[in-house]
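Trainee: Dropping a prediction and its sequence here:
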Amino acid sequence: MSFKNRSIGLVAALTGLAGIASMACADQLSDITQRKELRCGTFADVPPFAAPDAKTREMVGFDVDLCKAIAQRWGVVAKITPLSVEARVPEVKLGHVDITVANLAYTLGRAEQIQFSDPYYIAKEMLAVKASDPGTAKADFKGKRLASTKGSTSELAIKMNESDPLTFVDTGSAFMAVQQNKAVGMVANTMTITKLVNQSKEAGQPLKMIEEPMVLQPIGVGMKKDEPALLAKINETLLAMDRAGEINQLWDKWLGPSTEFKMTRTDKVAPLSQLKFTPLP
């Protein structure tokens, strides 16, 4: 065989090996298994989903426990990475975390960047305003300034209602904006609004929750696009946990009837295609 032919053969072999290596690197589930660690992005400070424990400073909450439960079923360790609200999608898209479990709602815009698991519950974005406000429906707040966290579905819900969004990096700041009359009300998920309304009554500056939801939104686990093995494994795990009652146990611990939120989970893990809802943009 000539030197030229040997060179061509070597190049072809190296190209083939590179292709195989590339395919291996693209399989994120294999990477998780090999490193024995599931890198999980959660909220940085949004109780009861994820927040530092007041005494230990370790991250605790529903989303943290869900991450740990998924990791345990896979025989790996969960590494919790606190993220800002707006970083939930970019961090998983860039591969800095393997999955995002942070009350992440399905939207058309997010679905263009990452893929979603089957939802494990349907969240509602709710509006809280001062108790003295005469408004009773979301239509009463069109054109009015409403506060929310930046880059959240709460902000999208405000825009869809044709209201004026005033955004902050955390829910505490949005809450203060209402108390300081910088905004007429604030939008967040049901659990957060329920807690803040209760706090406002204790502080002597009572808020009320408008009963009509701003939007309905399926909540799922976010991960990189084009990772079919990881997506299938996540969906399989969520379904198994749901059927075993494990998700309900975690829900009751952080959000259930014995907590300040007094919420009962009635949703079941099911494919997104089976749900009837209007996706946020």
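Mentor: Nice, I can see it.
Trainee: got a pLDDT number for the residue nearest to P52 when sequence neighbours are not counted?
Mentor: The shortest distance from P52 to any non-neighbouring residue, by C-beta to C-beta, 6 or more residues apart in numbering, is to M59 (6.1 Å). Placement of C-beta: from N, CA and C, glycine included. At M59, the predicted lDDT confidence score is 96.
Trainee: now the one 10 residues further on
Mentor: Reading off the confidence values, A69 has pLDDT 98.
Trainee: ok, it touching E246?
Mentor: Yes: taking contact to mean C-beta atoms under 8 Å, the distance of 6.2 Å between A69 and E246 places them in contact.
Trainee: any chance you could map the strands in the stretch 51-200 of the chain?
Mentor: Listed in chain order, the strands of the stretch 51-200 of the chain (DSSP state E, counting those that start in this stretch) span residues 51-52, 59-60, 77-83, 99-105, 115-116, 121-130, 145-149, 164-168, 185-189.
Trainee: So which elements touch the fifth one?
Mentor: Of the remaining helices and strands, those touching strand 115-116 by 3 or more C-beta pairs under 8 Å, 6 or more residues apart in numbering; DSSP states H and E are strand 215-223.
Trainee: cool, and the first one?
Mentor: With contacts defined as 3+ C-beta pairs under 8 Å, 6+ apart, strand 51-52 has these neighbours: strand 59-60.
Trainee: What sits closest to V221 if chain neighbours are left out?
Mentor: Once chain neighbours are set aside, the closest to V221 by C-beta to C-beta, 6+ apart is S117, at 4.0 Å.
Trainee: same question but for C40, I mixed them up
Mentor: Excluding its sequence neighbours, the residue lying closest to C40 (C-beta to C-beta, 6+ apart) is C67, at 3.8 Å.
Trainee: Likewise for A50?
Mentor: Residue nearest to A50 in three dimensions, not counting chain neighbours: T42, with 3.7 Å by C-beta to C-beta, 6+ apart.
Trainee: For the one you found, which residues are in contact?
Mentor: With contact taken as C-beta atoms under 8 Å, 6 or more residues apart in numbering, T42 is in contact with 49-50, 59, 61, 63-64, 67, 80-83, 100-102.
Trainee: Ramachandran angles for it?
Mentor: Backbone dihedrals for T42, given as degrees, to the nearest 10, come out at phi -130, psi 180.
Trainee: Look up how far L238 lies from it.
Mentor: In this structure, T42 and L238 are separated by 16 Å, where distance is defined by C-beta to C-beta, to the nearest Å.
Trainee: re the thing from before, which of the contacts of T42 has the largest number of neighbours?
Mentor: When neighbours are counted as other C-beta atoms under 10 Å, the busiest of the contacts of T42 turns out to be V101, with 33 neighbours.
Trainee: what's near enough to touch the nearest residue to it once chain neighbours are set aside?
Mentor: The spatial neighbour of V101 that comes closest, neighbours along the chain excluded (C-beta to C-beta, 6+ apart), is D63 at 4.6 Å. The neighbours of D63, taking C-beta under 8 Å, 6+ apart as the test, are 42-43, 49-50, 101-103.
Trainee: I'd like the residues you listed written out as TSV, with pLDDT and distance to A131 added.
Mentor: Written out in TSV, the entries for these read as follows (pLDDT from 0 to 100; distance: C-beta to C-beta, whole Å):
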residue	pLDDT	distance to A131
T42	97	32
F43	94	28
F49	94	26
A50	95	29
V101	97	34
A102	95	30
N103	90	26
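Trainee: Pick the one among those closest to N161.
Mentor: Comparing the contacts of D63 against N161 with C-beta to C-beta places N103 closest, at 20.1 Å.
Trainee: how near is the spatially closest residue to the closest one that is not a sequence neighbour to Q113?
Mentor: Distance criterion C-beta to C-beta, 6+ apart; nearest residue to N103, sequence neighbours excluded, is F49 at 5.2 Å. F49 sits 21 Å away from Q113, going by C-beta to C-beta.
Trainee: Repeat that for D133.
Mentor: Per C-beta to C-beta, D133 is found 36 Å from Q113.
Trainee: try A123
Mentor: Following C-beta to C-beta, the distance that separates A123 from Q113 is 20 Å.
Trainee: Could you name the stretch from the strands of the stretch 51-200 of the chain that's closest to I210?
Mentor: Judging the strands of the stretch 51-200 of the chain by C-beta to C-beta, what sits closest to I210 is strand 121-130, at 4.4 Å.
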